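In: next comes the sequence, and after it the predicted model I'd like to discuss.
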Amino acid sequence: MKLVFFRLRRNAYSRLISAAAVLLGVLLLGATSYYAVGEGRWSWFDCFYMTIITLSTVGFAETDVREAGALVVAVHRADGDYVYNPGSEHLLQEGDSLFVLAESQDVANLRAGMAAGAGT
């Protein structure tokens, strides 16, 4: 008994079109995901750019979470509560303590900026 398998023969042009369509689909999905995660903060060009450098594993260190040099990991409120991983929606109040990951120079810059009222 002989099994016969039928294979669809495709020429190189149709395979190239298929590969391009898959690549375009991945780029669209990636850019749309960046746009959704960023909640519209980034332009579509930026979203496509980030998708391309992510897929190509180039990186360029575009997504540095320590842009300001200091990373606030927690806030100890004056009333005793803790806020872990505070975002930009958390406002500091008088008497709050910050838990910061930073170099000593970055901590000094953060203190100077807060004393000067930066970001208000």
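Out: Good, I have the coordinates.
In: which of the helices and strands in the chain ranks last by mean pLDDT?
Out: Every helix and strand in the chain was compared by mean pLDDT, DSSP states H and E; the lowest is helix 104-115, with a mean of 77.
In: determine the longest helix present in the chain.
Out: helix 12-37 (DSSP state H).
In: helix/strand/coil for the closest residue to Tyr35 other than its chain neighbours?
Out: In space, and not counting its chain neighbours, Tyr35 is closest to Cys47: 4.8 Å by C-beta to C-beta, 6 or more residues apart in numbering. All C-beta atoms are positioned from the backbone trio N, CA, C, and that covers glycine. Put simply, Cys47 is helix when judged by DSSP: H, G, I helix; E, B strand; the rest coil.
In: wait, Cys47 touches Tyr34, no?
Out: Yes: if you go by C-beta atoms under 8 Å, Cys47 and Tyr34 touch, sitting 4.0 Å apart.
In: so for these two, which residue has more residues nearby?
Out: Of the pair Cys47 and Tyr34, Cys47 is the one with more neighbours under other C-beta atoms under 10 Å, namely 23 against 19.
In: list the contacts of that one.
Out: 30-32, 34-35, 38 (C-beta atoms under 8 Å, 6 or more residues apart in numbering).
In: check Val72 too.
Out: 86, 98-100.
In: give the buried residues for whichever strand or helix holds it.
Out: In this assignment (DSSP states H and E), Val72 forms part of strand 70-76. Within strand 70-76, the residues that qualify as buried are 70, 72, 75, counting by 16 or more other C-beta atoms under 10 Å.
In: so what strands line up beside that strand?
Out: strand 82-84 (antiparallel), strand 97-102 (antiparallel) (DSSP bridges).
In: Ala20 is nearest to which of those?
Out: strand 97-102 (43.8 Å; C-beta to C-beta).
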